[in-house]
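Colleague: Here's a sequence, model it:
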Amino acid sequence: SPKSIFSKFNIKLIRYLEIYYIKSASLLTTICTYTKMELQNLHFSKPIIIIENGYFKEIYDKNKSKQLLVKQNNEIFTIAYVGSIYSHQYQSLELFLKCFKKIIVENNISNIQLIFYGINFSKEIKNRILSYDNQLNNYIKTTSIIPLDILIGELLKANTLLLLSNEAYDGYAAKIYDYI
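Modeller: Coordinates of the predicted model:
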């Protein structure tokens, strides 16, 4: 199909550009062990370091006391997701959205919402979420990136946090919500 031909071409182009630009890099950085292993397999002659993604002790300590004060939303059941959604997570996302719709339709539920925090910076991801099924759009909210301390307060109000996995990876394949 034309789509799969384009996808194959796109993958080859990205791979070519990656090799081209990484030749001149003296160091590669990533945020997790899994990606580091993937990079080592592709670029074994380059040093690779992990820069931990976003843990600040002072924010954790500040929000530790806030946990006791923040009440979860009991009027609308809220499911929250934070951060990017990568292409290897689309299958998990679409499976979740399928189940989300089934729960809403079969149980005639209206007091539920799914919030994707920080998604608005990517029109592609936002459109993928909102175009999955127009019936769900009344239940889905997306936001721009918001300050971490405000985000933590919002996550504390959520009833549950969504994790999207990577089926190709055997280990811990999801983010950790370490502040709450």
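Colleague: how about the strands in the protein?
Modeller: Secondary structure of the chain (DSSP state E): strands located at 28-30, 48-50, 77-82, 112-117, 140-142, 160-161.
Colleague: Now do the first one: distance to the chain's middle.
Modeller: What it means is strand 28-30. In terms of CA atoms, centre = their mean, to the nearest Å, the gap separating the centre of strand 28-30 from the centre of its chain is 19 Å.
Colleague: Can you tell me what sits against it?
Modeller: Residues from elsewhere that reach strand 28-30, judged by CB atoms under 8 Å, 6 or more residues apart in numbering: 22, 36, 39, 43, 46-51. C-betas here are computed from N, CA, C, even on glycine.
Colleague: Now with 6 Å, please.
Modeller: Contact partners of strand 28-30, identified using CB atoms under 6 Å, 6 or more residues apart in numbering, comprise 36, 39, 46, 48-51.
Colleague: now the strands of the chain as a markdown table including mean pLDDT, mean neighbour count and distance to residue 106?
Modeller: Written out in a markdown table, the entries for these read as follows (pLDDT from 0 to 100; neighbours: other CB atoms under 10 Å; distance: least, CB to CB, whole Å):
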| stretch | mean pLDDT | mean neighbour count | distance to residue 106 |
| --- | --- | --- | --- |
| strand 28-30 | 84 | 15 | 41 |
| strand 48-50 | 85 | 12 | 43 |
| strand 77-82 | 93 | 20 | 15 |
| strand 112-117 | 96 | 19 | 13 |
| strand 140-142 | 96 | 17 | 18 |
| strand 160-161 | 88 | 12 | 19 |
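Colleague: Residue 8: which of those strands is closest?
Modeller: Between residue 8 and the strands of the chain, the tightest spacing by CB to CB is seen for strand 28-30, at 25.3 Å.
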